[in-house]
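*Asks:* have a look at this fold, sequence not included:
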DNA sequence: TTATAATCGAGACGGTACGTCGGGTCTTATT
DNA sequence: AATAAGACCCGACGTACCGTCTCGATTATAA
């Protein structure tokens, strides 16, 4: 009935947020500064987001959608690929600073946790699902026995890949380069192959998973 | 020649910091509040730490030293054990919030990054070193071929374990329970075993991932 | 276009400042305390005044405007009257402490000096101007010969009266009572009369002091 | 019985205080800074003075002792002389800043008031006493009728001179130059002469006060 | 000559206020 | 309605001084 919200403003605000994150990082980013950069009043920000954290989640989430998983011919190569492209994403100053900060904030804020989960986490599981399906099609992984265990496996692999890359890059502070990616992929693929022995597991050796 | 710094104050401050973290969480923790709880002037805090982040790193670091790796008889059981005890540590409100927050901050602050690394990260690599040595003694893992690759392997495993647990617990927000720990351990042990086939590698080492 | 500054706040702040001066005196008066009394944020104080001194000048200046000079029938009586009412004003705890303090501060702060001069000093010269005009109308003082010398005379008398009262009350710390006021008025009136001999100056003007 | 206090320290401290007053003014002068300038520990300052005000009083008091009243041949000239030399003293940055500040402080602090009175105020009344005695010797003023009224007269003149000069210089902020000094002296001498007519007042000329 | 005890420098300490900054809400006029 | 502008309340920030306190190192007297 009355004036609708400006869509252009939303876009300008998210752009401004990303720009501010690059320049200032999470902790020095201020709502007032974002508003000024976007040519918008602070009121307009608060009309649309509950605070800094929610704003940043939305601003950063779209960057994660740029991740893709082109078919590199083998599970090993696909893992290497996703590791390197995820690492490249984390190397951008917008993401590294704010991802950890928002996660930290989300431990005390359920609404933020949900927003983060559905805007970032769940949306990227597609990469693992794609990779798994492709590997199964190639015969590198056995077909899903039942949906529940397939979901468990997906989640495990997702946490493994994402967690390892994040930890290597941001906590340990070491580079995620080709060598590391190769070593990681080797370990992961071997682990998956052994846990789900491809066709006939030669020797069961410490049968780790439900045969 | 002058009055030395009170060691009791240091202790009271770190205790107060942990208590405040439990009650308030990282983002509502205040230097003034910590000082008040510790019965100490704000100045004293700033005389010893450059800010909230540095203080929290020191306060939390000791908690990580409580982690131990008792011999559970097998590499698989040792991995399960360390995963669960690390998860238990992360479940404590002092650690989860602040670890992520400090990591976030450290992306923009080199001094903090160093402090974090040497106070937390490097100190816990001992767990991986112990576990590896023990597994090698048991014959579950081959002896180190050369020191450099041993260090690479240690780092990789460390990032894998710590990263996966942190990501599962804090980012995905799913419980790290026995079932998950078992699945994770299975995958990891299998991966390690395949990458470094136990005693006499039946297949050539290099192509660990199946064809 | 934006929200205008609250006029009520200004008033509340100045009232609070005076109240705080009475209770605490200049040196224990705190910006934070004034803000709290006025029910206002500290920021609001600093948005309008540059500091404690400027605030106090404005808070105290209005008190000086209460001074009046009723016609008491003679120059001598008028002087006595203004001396006593000025002394009464200085006896109030708001004024004495803060007047001196602000003067002290103003020796190093040109902006404050100006503010003080136009808010307090210049505004009270009206008393001397009124008294002089009235005395001239009564024939107690000769009419102004030229404007410049009239201004000089006004300034001299102003400094004389104000200075003597302030010095007696605050520096010497002796009471400014009727007796002292009478003695002072006698001296001043005599001095003015002799310096400007009433009608026909019998002796040449310049040598007022004997030989 | 034990080690006595260093006399050199006292001197260094007072010098440092004056130097700091010149550079920083009263309000930015700090005890720590004075101690540092004097090459002395803060403790030493507090062992000898109760605080900034007391210290400054002592540091400045000696400057007032430099005032002298050479015989200039007439009461008028003597008044002019003392006005100008007092103004010169007040023009020094050490004195102007701190005199007013200490007076302000003393309105709330009895001990300081006493210290100020005996260290500065009372000690300078000698100038008025000398001037009066000299003028009486010259016959410009009548001899004292009784000691009480002599004291009253002395105090009145003291407050008049000191007050007027201070007010002119620090409150009004106008220069105390020869012209002003001459005008002031003329008025004062005339007032004194009329109030106490020299010997036999030839013509009562606007009988100002009851002989 | 040697205790002995006050004094000294240095500077850490518990406080209090500072002046600034950012968060989030509100008022106003404009679109 | 929704907006830009910006005043407002709140609370934390990190700093500066305060005046007190502990230190170990000097001294000048009194033993």
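*Replies:* Thanks, I have the structure now. This one's a predicted model, so the numbers in the text were calculated from it and none came from an experiment. Numbering: from 1, shown residues only, chains lettered A, B, ... in the order given.
*Asks:* CA atoms for contacts and neighbours, from now on please.
*Replies:* Noted.
*Asks:* do the longest helix along chain A and chain B meet at all?
*Replies:* In chain A, taking DSSP state H as the definition, the longest helix is helix A:147-166. Yes - applying CA under 8 Å from any CA of the partner chain, one finds helix A:147-166 touching chain B at A:156, A:159-166.
*Asks:* so where is chain A shaky, pLDDT-wise?
*Replies:* Along chain A, segments meeting pLDDT under 70 span A:1-2, A:195-211.
*Asks:* and it, which residues reach DNA strand E?
*Replies:* Taking CA under 7 Å from any atom of the strand as the criterion, the neighbours of DNA strand E within chain A are A:28-33, A:42-43, A:46, A:50-52.
*Asks:* hang on, the earlier thing: for the longest helix of chain A, which positions count as buried?
*Replies:* Using 16 or more other CA atoms under 10 Å in any protein chain shown as the test for burial, helix A:147-166 gives A:153-166.
*Asks:* if we can go back for a sec, adding distance to DNA strand F, write the residues of helix A:147-166 next to chain B out as a markdown table.
*Replies:* Formatted as a markdown table, these follow (distance: CA to the nearest atom of the strand, whole Å):
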| residue | distance to DNA strand F |
| --- | --- |
| A:156 | 38 |
| A:159 | 33 |
| A:160 | 35 |
| A:161 | 35 |
| A:162 | 31 |
| A:163 | 30 |
| A:164 | 31 |
| A:165 | 30 |
| A:166 | 26 |
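*Asks:* follow-up on the earlier one: which one among the buried residues of helix A:147-166 gets closest to residue C:186?
*Replies:* residue A:166 (91.2 Å; CA to CA).
*Asks:* what sits against the closest one?
*Replies:* A:87, A:90, B:163 (CA atoms under 8 Å, 6 or more residues apart in numbering or on different chains).
*Asks:* so the second one touches residue A:84, yeah?
*Replies:* No - the pair formed by residue A:90 and residue A:84 falls short of the contact definition of CA atoms under 8 Å, at 9.8 Å.
*Asks:* now a PyMOL select for only the buried ones of the residues of chain A next to DNA strand E.
*Replies:* Command for PyMOL that selects the buried part of those, burial taken from 16+ other CA under 10 Å:
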select buried, chain A and resi 29+30+31+33+52
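*Asks:* among the residues of chain A next to DNA strand E, which ones are in helices?
*Replies:* A:31-33, A:42-43, A:46, A:52.
*Asks:* for residue A:168, give me its contacts.
*Replies:* With contacts defined as CA under 8 Å, 6+ apart, residue A:168 is in contact with A:174-176, B:159, B:163.
*Asks:* could you identify the most distant pair in those residues?
*Replies:* Among these, A:175 and B:163 lie farthest apart (CA to CA), at 14.8 Å.
*Asks:* adding distance to residue A:73, write the buried residues of helix A:147-166 out as JSON lines.
*Replies:* Converted to JSON lines, the buried residues of helix A:147-166 look like this (distance: CA to CA, whole Å):
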{"residue": "A:153", "distance to residue A:73": "21"}
{"residue": "A:154", "distance to residue A:73": "20"}
{"residue": "A:155", "distance to residue A:73": "23"}
{"residue": "A:156", "distance to residue A:73": "23"}
{"residue": "A:157", "distance to residue A:73": "19"}
{"residue": "A:158", "distance to residue A:73": "20"}
{"residue": "A:159", "distance to residue A:73": "23"}
{"residue": "A:160", "distance to residue A:73": "21"}
{"residue": "A:161", "distance to residue A:73": "19"}
{"residue": "A:162", "distance to residue A:73": "21"}
{"residue": "A:163", "distance to residue A:73": "24"}
{"residue": "A:164", "distance to residue A:73": "23"}
{"residue": "A:165", "distance to residue A:73": "22"}
{"residue": "A:166", "distance to residue A:73": "25"}
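*Asks:* quick one, domains of chain A?
*Replies:* As given by automatic domain parsing, the domain ranges for chain A are A:7-48, A:61-195.
*Asks:* most tightly surrounded among these?
*Replies:* domain A:61-195 (a mean of 19; mean count of other CA atoms under 10 Å in any protein chain shown).
*Asks:* run the chain-centre distance for that one.
*Replies:* 6 Å (CA atoms, centre = their mean, to the nearest Å).
*Asks:* now do the end-to-end distance for stretch A:84-99.
*Replies:* One end of stretch A:84-99 sits 18 Å from the other (CA to CA, to the nearest Å).
*Asks:* do it and chain B meet at all?
*Replies:* Yes - if you take CA under 8 Å from any CA as the test, stretch A:84-99 does meet chain B, through A:96-99.
*Asks:* go on, stretch A:106-120?
*Replies:* Yes - residues of stretch A:106-120 contacting chain B under CA under 8 Å from any CA: A:107-108, A:117.
*Asks:* distance of residue A:124 from chain B?
*Replies:* Residue A:124 is 11 Å from chain B, where distance means CA to the nearest CA, to the nearest Å.
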